[in-house]
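Student: Whatever this is, show me its structure:
(chains A, B and C)
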Amino acid sequence: MAAIEIRDVHKEYQRDSQRIPVLSGLTLEVAEGDYVALMGPSGSGKTTLLNLIGGIDQPTRGQVVVHGTDIARLGGRKLAQWRSRHIGFIFQLYNLIPVLTALQNVELPLLLHRMSGGERRKRAQVALELVGLADRTRHFPRQLSGGQEQRVAIARALVSDPEVLLADEPTGDLDRKSAEEILQLLERLNREFKKTIVMVTHDPHAAERAKRMVHLDKGVLSA
Amino acid sequence: MAIPVVYNLRNLTQRPVSTLATAAGIAFVVAILIGALALASGFQAALVGTGSPRNVIVLRTGADSELSSGLSRDAVNILRALPEIASDGQGRPLVSAELFVVVSKPRLGFTGSSNVPVRGVDPSGFALRSQVRMAQGRLFAPGTDEVMVGSRIARRFEGCKLGDKLRFGQRDFTVVGHFDAAGSAFESEIWGDLTVLGPALGRDNAFQSLTFTIRDTALFRPLRERLEKDPRLGVQVHTERGWYAEQSRLLAGVIRAAGVFITLIMAVGAIFGAINTMYAAVGTRTREIATLFVLGFSPWAVWLSFLMESVLLSLFGGVLGCLLALPINGITSSTTNWSSFSEVAFAFRVTPAALIAGMIFAAAMGVIGGFLPALRAARQTIASSLRAG
Amino acid sequence: MGFLTLVLVNLGRNKLRTALTTLSVLIALFLFCSLRGVLDTLAASIRVSSEDRLVTRNAVSLIFPLPLAYRERLAAVPGVKGVAYANWFGGRDPNDPGNFYAQFAVDAATYLPMYDSDVEIVAADPPQAEVSMPPGVDPKLAAFMTDQTGCVAGERLFKRMNWKLGQTIHVAGTIFPGSWPFTIRAVYHAKDPAFGEETILFHWQYLNQRGMGGTGPVGWYILRLSEPGRAGEIARAVDALYENSAARTRTETERAFQAGFVSMYGNVPFLIGVIGLAVVFAILLVAANTMMMAARERVAEYGVLKTLGFEDGTLFRLVLAEAAAITLIGGVSGALLAKWALEGTQFNAGGFLPPMTVSWATVGIGAGIALLMGAVSGLVPAWQASRRPIVDALRRVE
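Tutor: Alright, predicted model coming up:
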């Protein structure tokens, strides 16, 4: 069974009285354990596609099936719950909560699952160790470098053990060296931990590290 | 399921100036509310405390204050002989027929005069009121031209120090003592012997009221019925407590109403401040909020979180307001109780109830102020806000 | 696009915030001017009383009366043109103990002429027959003069109680027990609102005969002076006359007498002043906070304006103007609202105060405070905006 199935998906936005189509009849399959780089010019709809896969947005028409669940059908609450269990998000600007420590940031998703405070902290600790930041648990985001912040964000994405990781320009704001570290980490997550990864990127170096590349232009796939 | 409170607390400390300014606005509102309640409480306490539980006061029917009442000597003689009157340890009946007038006297430190209540009492008048204690000097000697001055009056009017002479009508009276009365209205009065004060003031055979201690409170009701029906008397009968509570009701009510009115209006202004602050907070945390949604937190959780932040902020303001208001406790003020046409001095009383009212009011302001901004946060769409800010 | 347009456009960016802040300032100044209005009202009630009338009362206090016999000697004092007298009746509305209004027993023939420039009769029962009126008394009061239980009611009271001319009302006496009927024969309107229209005036003889056994003492005397400049001297002369009598007198100008009543409010004016200041201060914080929030959000924008060529000084004035616009619009509106609302409704705090006035001076002070608020709250953000180097401004990311 494919991990992610996108079937004839359309997405339009309303701006004032105009309808702007972003995706027009897109069909795509991502197998389990796959590592896909989504590429394309600005405005091609790649972030929108990522958002649809992650359940952050809903298609105007079509189906988005993740591990057998048609998430286009799920209502708000169920969608949020589903997302917290099955998807890990990684953003270009990290999106960490500035007033929480690294450990607290990583713990945050676990608040939505039933477990004791002690267990939560343990799991968060493990996740941070995995990304190599065990010695920075008490630091606030402003005390970390860009690369370190992104690693905390990845730890947060991992902590509830989702099957799918969605990354939106994860190296976009990083220097060469940090970007390299992040890409290595993602590779490891895909290889060792069998996470299915879909990554939106501009960066050809980043795209190279994926298992396959998919091009998007004006809302349709090409090549 | 809920976003931890530490998130809100830390965010409040991120913008110290903004947080403090908004909290200060709320603090002032709460302080004024507590101040108004303290003023009314103090005033009422002064008057209600004036009554002893077993004392009964008799006045002429239709009179709305002791000043407008008048009892004839015949009536007084009948009342003095009532069997229901209790006796003191020496077998003397605890009853006092009293003269009550106001006398215009110049104030210390202010221009102009105020009306000071003067009470001419029977010898039992002092024993009758258990809360009255000598603070300095001594009781006036019966049958002499001596008076004692309530401690609140002593500080505020000229010529009230021990040994000073006060003129009433045709005669000079010597101040021989200052007395306390548990903060009640009696502390704002000057007391002397009825039989000497009366003639000096040209009131020989007129009394304003008669007060006595009843032997058993169960006897009150039937006694009142009997006396009020008696055509020779033409009187109204009250418990001393009930009477003074009634006297304070109007003014205390006005003070409370004015206080609440001012507070409510000010609260609207403070709430607008809180709304602005919260909208700004929501505005700068757009990406954060979107992230919380992405992680799976429900809009309800986000709404509750921001509402909590607003309430925490205003509770902080509430605490500041309580601290701001506490120092006024015990400060004495005075005004004229129009019901009795005489000045009443009282102390502000910040009661626990007033403080609690202040905190509840602060919380309410937080809820009202935070409601809409929290709603905006909760209704944010994820996709558009992830890239924002 | 002019400077003013820029200011207005900037204010319109976040309409909600601008509206809320303006309303806060409006509320603050409304409260401030209302509270000061209480002080204005008390001051006005003194102003209304005259310097060419003296009030003579018992030296012990106002609740002690003066003998009727004093009348002749008072009239003979040099400098005194006329002597009137009155008593405070102090009755209650038998149907509503909370309803408060004043009742005065006056010697109409001497009392009414003294106040004829302060009141006008707006409605009156027609007289039953031809009657000769005492000099100085409005002929419209003929019906009142011939009816011993008649009374003249203030217009505001008359309307509030829904009374009709010729109606007999009852007052429950407190000092003078019993139920007292009065027939309304005329209605007066006070030319200065501070004079008070929550009053009825009735004949002194009625009170004297029914309540004082015909020998009635008098509450107080009013003396009209032919030489107002000698008021102090004449007052002392009157008191000297009765220095050794059983009922000594205390004479002062009507204005001083009225001021005595006002001083009975005690500390209240001071407290009101304190509250007014607290209100202003609290809202100042709110306004300043808002300006700073707005400025923080627009740091980059101001940087961009500078790159376009706007001078530092212009930016300073821009930010300050925004602050001033909010506080002035809010403040002046609040002050005017206080004046209009309180005077328009003749608010009197349930009878506790005379009908309120809010002086133009108070409105002016309110506007001044609003302007000050604008300057203070806008100063720091304006300074920062004008002085921040462009590079810093553009780099700033919150």
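
Student: Tell me how chain B divides into domains.
Tutor: Chain B breaks down into these domains under automatic domain parsing: B:5-48+B:247-386, B:55-213.

Student: Now do the strands in chain A.
Tutor: A:4-15, A:18-30, A:35-39, A:61-66, A:69-70, A:87-90, A:164-168, A:196-200, A:212-217, A:220-222 (DSSP state E).

Student: Show me what the first one pairs with in its sheet, parallel or antiparallel.
Tutor: Partners of strand A:4-15 in the sheet, by DSSP bridges, are strand A:18-30 (antiparallel), strand A:61-66 (antiparallel).

Student: any idea which of the ones you listed is most buried?
Tutor: strand A:61-66 (a mean of 18; mean count of other Cβ atoms under 10 Å in any protein chain shown). The C-beta positions use only the backbone N, C-alpha and C, and glycine is treated the same way.

Student: center of chain A, which residue is that?
Tutor: A:Leu166 (2.0 Å; Cα atoms, centre = their mean).

Student: And A:Gln63, how far from A:Ile4?
Tutor: 11 Å (Cβ to Cβ, to the nearest Å).

Student: now stretch C:34-44: mean pLDDT?
Tutor: Averaging pLDDT along stretch C:34-44 yields 86.

Student: quick one: contacts of that stretch?
Tutor: B:262, C:192, C:194, C:262, C:265, C:269, C:272-273, C:275-276, C:279, C:338-339, C:342, C:353-359, C:361-362, C:365-366 (Cβ atoms under 8 Å, 6 or more residues apart in numbering or on different chains).

Student: Low-confidence bits of chain C, can you list those?
Tutor: In the predicted model, chain C carries pLDDT under 70 at residues C:1-2, C:193-194, C:349-352, C:395-398.

Student: And the residue of chain A that's closest to chain B?
Tutor: A:Ser84 (2.8 Å; Cβ to the nearest Cβ).

Student: Just give me the neighbour total for that residue.
Tutor: Counted with other Cβ atoms under 10 Å in any protein chain shown, residues neighbouring A:Ser84 total 20.

Student: Kindly report the same for A:Gly76.
Tutor: For A:Gly76, using other Cβ under 10 Å, the count is 11.

Student: Quick check: C:Pro134 vs B:Leu33, distance?
Tutor: C:Pro134 is 56 Å from B:Leu33, by Cβ to Cβ.

Student: Ok, A:Leu110 next?
Tutor: 43 Å.

Student: Give the residue from these two that has the larger number of neighbours.
Tutor: B:Leu33 (25 against 21).

Student: Can you find the helix or strand in chain B with the smallest mean pLDDT?
Tutor: Using mean pLDDT, DSSP states H and E, helix B:382-386 stands out as the lowest-scoring helix or strand of chain B, at a mean of 74.

Student: and the residue of chain B found nearest chain A, what pLDDT?
Tutor: Nearest residue of chain B to chain A (Cβ to the nearest Cβ) works out as B:Gly296 at 2.8 Å. Per-residue pLDDT puts B:Gly296 at 88.

Student: ok, now which ones touch it?
Tutor: A:80-81, A:83-85, A:109, A:112.

Student: Same list (these) but as TSV, adding distance to chain C and pLDDT.
Tutor: Below are the contacts of B:Gly296 laid out as TSV (distance: Cβ to the nearest Cβ, whole Å; pLDDT from 0 to 100):
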residue	distance to chain C	pLDDT
A:Ala80	28	84
A:Gln81	32	85
A:Arg83	28	88
A:Ser84	28	87
A:Arg85	33	88
A:Pro109	25	89
A:Leu112	28	86
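
Student: Just the buried residues of these.
Tutor: A:80, A:83-84, A:109, A:112 (16 or more other Cβ atoms under 10 Å in any protein chain shown).

Student: and C:Val332, how many neighbours does it have?
Tutor: 18.

Student: ditto for the one 10 residues further on
Tutor: Counted with other Cβ under 10 Å, the burial measure for C:Leu342 works out to 22 neighbours.

Student: again, but for the one 5 residues further on
Tutor: A count of neighbours around C:Phe347, defined by other Cβ under 10 Å, yields 16.

Student: my guess is it meets C:Val358, correct?
Tutor: No - contact criterion Cβ atoms under 8 Å: C:Phe347 and C:Val358 do not qualify, at 10.0 Å.

Student: from the domains of chain B, which stretch is densest packed?
Tutor: Greatest burial across the domains of chain B, using mean count of other Cβ under 10 Å, falls to domain B:5-48+B:247-386, with a mean of 21.

Student: now do the same end-to-end measure for that domain.
Tutor: 23 Å (Cα to Cα, to the nearest Å).

Student: ok, which stretches of the chain are helices?
Tutor: Answering for chain A, as no chain was given. A:46-53, A:76-86, A:102-107, A:117-130, A:146-158, A:176-191, A:204-208 (DSSP state H).

Student: I was thinking of chain B, sorry if that wasn't clear
Tutor: Using DSSP H, helices in chain B cover B:5-14, B:16-48, B:73-80, B:125-128, B:151-156, B:194-200, B:220-229, B:240-284, B:286-295, B:299-325, B:352-378, B:382-386.

Student: Between those, which has the poorest mean confidence score?
Tutor: Taking the mean pLDDT of the helices of chain B, helix B:382-386 comes last: a mean of 74.

Student: can you map out the strands along the stretch 101-250 of chain C?
Tutor: Assigned by DSSP state E, counting those that start in this stretch, the stretch 101-250 of chain C shows strands spanning C:102-106, C:119-124, C:150-154, C:168-173, C:178-190, C:199-203, C:220-225, C:249-253.

Student: hmm, who's touching the third one?
Tutor: This points to strand C:150-154. C:103, C:121, C:141, C:143-144, C:163, C:182-190, C:196-203.

Student: change it to 7 Å
Tutor: C:141, C:143-144, C:163, C:182-188, C:190, C:196-202 (Cβ atoms under 7 Å, 6 or more residues apart in numbering or on different chains).

Student: just the angle between that strand and strand C:199-203, please?
Tutor: Here strand C:150-154 points in a direction 160 degrees away from that of strand C:199-203 (axes from the mean of the first three to the mean of the last three Cα atoms, to 10 degrees).

Student: Ok, the last one next?
Tutor: For strand C:249-253 against strand C:199-203, the angle by the same axes, to 10 degrees is 130 degrees.

Student: residue of the stretch 201-350 of chain C with the smallest distance to chain A?
Tutor: Closest point on the stretch 201-350 of chain C to chain A, by Cβ to the nearest Cβ, is C:Arg296, at 15.7 Å.

Student: Alright, calling it a day.
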